[in-house]
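Asker: Mind folding the following:
(one chain, ligands or ions: 1)
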Amino acid sequence: MKYLFAIFALLLLSFTGTGQPDIKSNSVVPSPKQLSYQSMEMVGFIHFSMNTFTNKEWGYGDESPALFDPKKLDCEQWVKAAKDAGIKELILTAKHHDGFCLWPSIYTEHSVKNSPYKNGKGDIVKEFTDACAKFGLKAGLYLSPWDRNHAGYGTPAYITYYKNQLHELLTNYGKITEVWFDGANGGDGYYGGAKETRKIDKKSYYPWKEIQEIVYRLQPEASIFSDAGPDIRWIGNERGFAGETCWSMLDRTKVAVGDADSDYLNTGDYFGSSWVIGECDVSIRPGWFYHATEDENVKTPSQLVDLYYKSVGRNAVFLLNIPPNRDGLFADKDVANMKKYREILDKSFKENLTLNAMVTASCVQSGSAKFSPGNIADSDLNSYWAAATGKRQASLEIAIDSTKKFDRILLQEPVRFGQRIASFDIQLLRPGGWQTIASGTSIGFKRLLRITPIAGSKVRINIWDANNTPALSNFGLYKAGGGDANN
Ligand code: FUL
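Answerer: The predicted structure is shown next:
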């Protein structure tokens, strides 16, 4: 009886796929931290500092703290507006290149403590992290490696100062989930009154290994962004788009902070030995900081939607900057456009026309339900279809309702096993036969393709090349709503 039960249990397990080992993983895979970072899809940037009051993008470092006085500052307004736009984490410029600190650092006088803001008693990093915590957003900090105010910039004394500041920020403000290391460094500046040009050796001045160790020691859950990762990399432009081919893999020996080939960062590296998520930073306005003269140049909801497709839809993360104005508030137009952007996206992706559809595949991994083709239509990111071991090509067919037009295609790979698919196309069965409607050279965590509206009775996914057994976790077809134009 005991044996019969065991056999029955085994049969059940193999039928449901539970207990079946997963497909063989690639050697380069994301860490659990990276996986959860990428699933946020969209994060926000807050460029707010002395520049907001001097109408500059890069302060020289000699600006008087007396100029800094955001009279109506309300970090909760930022957080609420960001949350409504679907942003899951916000990153604040605790210190930009001019060296002015938004928190009362004990290591410098060049901070809010000598400003009129709350009579020198304010701490904007604290207000920011408290607001994020209150509304359930993650909080990240930007601490500019370049400091045009500090007298010791360019010498070891500044490195000690920088580490001390990092320590302050990572121990006094609760959980910090990202530290953003900018690549701009070295040039002219105030430097404590020296007013000169200081060049540093980009490869050796900053002890990045030690700096990273400080971050991970003090905030084990934090991800580190820089041109070179280690967790998240710059996408190579400040216009918010990833390459149409975008690998999460990178050869980190080929890039350094402030010294990296932007095309290489934009597409990643099929042969790369590290997993480094691409992040597309872009501002909702022409500048990173608020300038009243740019009030008429706020990106429209449709432009933001376009950027979503070019970042999240190309296997990267969308980092949108929204700069507060001199009152310390997001401008109304920025808030309205972000809200509308989210409404458009929600409308476009409301109905997956392939949900629970019949799916067949040219081959399936070892017969278990764990790998069955139908898993790509169940909207569960964890379940997946996998081709038979050893295959590098495969195809899947999905029956669809021929009366419904669609113009958006979604594909997702189970990237916890690595990024594999290197060439695919999508075909549609129409009265005249199979017609190719889209193609691509990488998928990754999420790939979105935009086409003109079309209908047909069957969809076919042809996978032509992969670096391991191809697998897919999700597939979807959608009809975009108003404001979601093809760009
Ligand atoms: C750049 C900086 O120089 C800009 O001021 C801004 O902070 C942007 C996000 O990164 O490298």
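
Asker: The stretch 1-150 of the chain: strands as residue ranges?
Answerer: 42-46, 89-95, 138-143 (DSSP state E, counting those that start in this stretch).

Asker: Now do the same for Ile461: helix, strand or coil?
Answerer: Assigned state for Ile461: strand (three-state reduction, DSSP: H, G, I helix; E, B strand; the rest coil).

Asker: Tell me how many other residues crowd it.
Answerer: Look at Ile461: counted by other Cβ atoms under 10 Å, it has 25 neighbours. Every C-beta, even on glycine, is put in place using the N, C-alpha and C of the backbone.

Asker: who's in contact with it?
Answerer: Ser395, Leu396, Ile398, Leu411, Phe424, Ile426, Leu472, Phe475 (Cβ atoms under 8 Å, 6 or more residues apart in numbering).

Asker: one step back: in CSV: the strands of the stretch 1-150 of the chain, plus mean neighbour count.
Answerer: CSV is the format used below for those (neighbours: other Cβ atoms under 10 Å):
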stretch, mean neighbour count
strand 42-46, 25
strand 89-95, 26
strand 138-143, 23
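
Asker: ok so, going back, for Val298, state which of the contacts of Ile461 is nearest.
Answerer: Val298 has its nearest neighbour among these in Leu411, at 32.0 Å by Cβ to Cβ.

Asker: That closest one falls within a strand, correct?
Answerer: Yes: secondary structure assignment places Leu411 in a strand (three-state DSSP).

Asker: Give me the number of neighbouring residues for it.
Answerer: 23.

Asker: how near is it to Ala131?
Answerer: Distance of Leu411 to Ala131, computed by Cβ to Cβ, to the nearest Å: 36 Å.

Asker: cool, and Gly483?
Answerer: Where Ala131 is concerned, Gly483 sits at a distance of 29 Å (Cβ to Cβ).

Asker: And Asp269, by the same measure?
Answerer: Taking Cβ to Cβ, one finds Asp269 at 38 Å from Ala131.

Asker: For the closest residue to the ligand within the stretch 351-487 of the chain, grab the count of nearby residues.
Answerer: The stretch 351-487 of the chain approaches the ligand most closely through Phe445 (22.9 Å), counting by Cβ to the nearest ligand atom. Using other Cβ under 10 Å, Phe445 is surrounded by 26 other residues.

Asker: go on, Arg239?
Answerer: Neighbours of Arg239 using other Cβ under 10 Å come to 12.

Asker: Hmm, it is touching Val282, no?
Answerer: Yes: with contact defined as Cβ atoms under 8 Å, Arg239 counts as touching Val282 (5.7 Å).

Asker: and the residue nearest the centre of the chain, what are its bridge partners?
Answerer: Nearest to the centroid of the C-alpha atoms of the chain, with distances taken as Cα atoms, centre = their mean, sits Val317, at 2.2 Å. With DSSP bridges as the criterion, Val317 is bridged to Glu279.

Asker: Near Phe271, how many other residues are there?
Answerer: Phe271: 11 neighbours (other Cβ under 10 Å).

Asker: excluding its backbone neighbours, what's nearest the closest residue to the ligand within the chain?
Answerer: Closest approach of the chain to the ligand (Cβ to the nearest ligand atom) occurs at Ala184, with a separation of 3.7 Å. Using Cβ to Cβ, 6 or more residues apart in numbering and skipping residues adjacent in sequence, the residue nearest Ala184 is Trp146, 5.6 Å away.

Asker: give me every residue that touches that neighbour.
Answerer: His97, Tyr153, Asp182, Ala184, Asn185, Gly186, Gly187.

Asker: One more pass at 6 Å, please.
Answerer: His97, Ala184, Asn185 (Cβ atoms under 6 Å, 6 or more residues apart in numbering).

Asker: Take the residues you listed and write them to JSON lines, including neighbour count.
Answerer: Shown next, in JSON lines, are the contacts of Trp146 (neighbours: other Cβ under 10 Å):
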{"residue": "His97", "neighbour count": "24"}
{"residue": "Ala184", "neighbour count": "13"}
{"residue": "Asn185", "neighbour count": "23"}
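
Asker: Report the spatially nearest residue to Thr108, omitting neighbours in sequence.
Answerer: Cys101 (6.2 Å).

Asker: what's the neighbour count on the one you found?
Answerer: Neighbours of Cys101 (other Cβ under 10 Å): 28.

Asker: Bridged to it, which residues?
Answerer: Lys95, Ser111.

Asker: Verify the contact between it and Lys113 for me.
Answerer: No: using Cβ atoms under 6 Å, Cys101 is not in contact with Lys113, being 8.4 Å away.

Asker: need the residues of the stretch 1-150 of the chain near the ligand, please.
Answerer: Counting by Cβ under 6 Å from any ligand atom, the stretch 1-150 of the chain comes close to the ligand at Glu57.

Asker: which residues of the stretch 1-150 of the chain score low on pLDDT?
Answerer: The stretch 1-150 of the chain contains residues with pLDDT under 70 at 1-18.

Asker: for it, what spans make up the helices?
Answerer: 2-16, 32-39, 50-54, 75-84, 124-134 (DSSP state H, counting those that start in this stretch).

Asker: Just list the residues touching the residue lying closest to Ser105 once chain neighbours are set aside, thanks.
Answerer: Nearest residue to Ser105 in three dimensions, chain neighbours excluded: Ser111, at 5.3 Å (Cβ to Cβ, 6+ apart). Contacts for Ser111 (Cβ under 6 Å, 6+ apart) come out as Cys101, Pro104, Ser105.

Asker: As a check, name the ranges of all helices in the stretch 251-400 of the chain.
Answerer: Going by DSSP H, counting those that start in this stretch, the stretch 251-400 of the chain shows helices at 262-267, 301-311, 332-348.

Asker: As a markdown table, those helices with distance to the ligand would be great.
Answerer: Formatted as a markdown table, the helices of the stretch 251-400 of the chain follow (distance: least, Cβ to the nearest ligand atom, whole Å):
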| stretch | distance to the ligand |
| --- | --- |
| helix 262-267 | 12 |
| helix 301-311 | 15 |
| helix 332-348 | 17 |
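
Asker: nearest to Val43, of the ones you listed?
Answerer: Here helix 301-311 is closest among these (Cβ to Cβ), at 10.6 Å.

Asker: Now do the closest one and strand 42-46, the angle between them.
Answerer: Orientation note: helix 301-311 sits at an angle of 120 degrees relative to strand 42-46 (axes from the mean of the first three to the mean of the last three Cα atoms, to 10 degrees).

Asker: Now do helix 301-311: distance to the chain's middle.
Answerer: In terms of Cα atoms, centre = their mean, to the nearest Å, the centre of helix 301-311 is set 14 Å apart from its chain centre.

Asker: Now do that helix: which elements does it pack against?
Answerer: helix 332-348 (3 or more Cβ pairs under 6 Å, 6 or more residues apart in numbering; DSSP states H and E).

Asker: Just the C-alphas of the helix it packs on, formatted as PDB.
Answerer: Presented in PDB, the C-alpha positions along helix 332-348 are these (Å, rounded to 0.1, in the frame of the first residue of the first chain):
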ATOM      1  CA  ASP A 332       1.800  70.300 -12.000                       C
ATOM      2  CA  LYS A 333       2.400  69.500 -15.600                       C
ATOM      3  CA  ASP A 334       5.100  66.900 -14.700                       C
ATOM      4  CA  VAL A 335       2.700  65.200 -12.300                       C
ATOM      5  CA  ALA A 336      -0.200  65.300 -14.800                       C
ATOM      6  CA  ASN A 337       1.900  63.900 -17.600                       C
ATOM      7  CA  MET A 338       3.300  61.100 -15.500                       C
ATOM      8  CA  LYS A 339      -0.200  60.100 -14.300                       C
ATOM      9  CA  LYS A 340      -1.500  60.000 -17.900                       C
ATOM     10  CA  TYR A 341       1.500  58.000 -19.000                       C
ATOM     11  CA  ARG A 342       0.600  55.300 -16.500                       C
ATOM     12  CA  GLU A 343      -3.100  55.300 -17.500                       C
ATOM     13  CA  ILE A 344      -2.100  54.800 -21.100                       C
ATOM     14  CA  LEU A 345       0.200  51.900 -20.300                       C
ATOM     15  CA  ASP A 346      -2.400  50.300 -18.000                       C
ATOM     16  CA  LYS A 347      -5.000  50.500 -20.800                       C
ATOM     17  CA  SER A 348      -2.700  49.100 -23.400                       C
END
